[in-house]
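Peer 1: Sequence first, then the predicted structure, then my questions.
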Amino acid sequence: MIWQDWVLTAGSVFFSATLLPTCLDERTSIPRYKSLPTAIILAVFAATQWTMGLRVVPFTEIVCALCWAFIAWRRAPAPAWEETRPWGSDWRTIYNSLD
């Protein structure tokens, strides 16, 4: 085990820990064009680090990438076309408005 593995692991764990409040706060709004590329790049970094012989940091990088993927999935603002519809995006609301 080389020392660079542990330094990068510590940084990745810290980065993931600082993302936890963002993941847990339902009021947080981060656009997908910022969060999704970050998740993809971190996953690529993890694969690259694995091929370099680092064995601990790729796992923490994947955790960080999953945090960013969760943010892209659950914490992105609604698309503009959804906000402009007067009846919302739920089919039940549309159906009930026809009565």
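Peer 2: Looks like it arrived, so ask away.
Peer 1: who touches the residue nearest the centre of the chain in this structure?
Peer 2: Residue closest to the average C-alpha location in the chain (Cα atoms, centre = their mean): residue 68, at 1.8 Å. Residue 68 makes contacts with 19, 35-36, 38-39, 42, as judged by Cβ atoms under 8 Å, 6 or more residues apart in numbering. All C-beta atoms are positioned from the backbone trio N, CA, C, and that covers glycine.
Peer 1: same question, residue 39
Peer 2: Going by Cβ under 8 Å, 6+ apart, the list of residues near residue 39 reads 65-66, 68-69, 71-72.
Peer 1: before we move on, what about residue 9?
Peer 2: Applying Cβ under 8 Å, 6+ apart, we find residue 9 in contact with 56-57, 60.
Peer 1: element containing it?
Peer 2: Element membership of residue 9 [criterion: DSSP states H and E] is helix 3-24.
Peer 1: tell me which residues of that helix are tucked away?
Peer 2: By neighbour count on 16 or more other Cβ atoms under 10 Å, the buried set for helix 3-24 is 5, 8-9, 12, 15-16, 19, 23.
Peer 1: what's the offset of that helix from the middle of its chain?
Peer 2: Averaging C-alpha coordinates over helix 3-24 and over its chain gives two centres that are 14 Å apart (Cα atoms, centre = their mean, to the nearest Å).
Peer 1: tell me the mean pLDDT for it?
Peer 2: Mean per-residue pLDDT for helix 3-24: 95.
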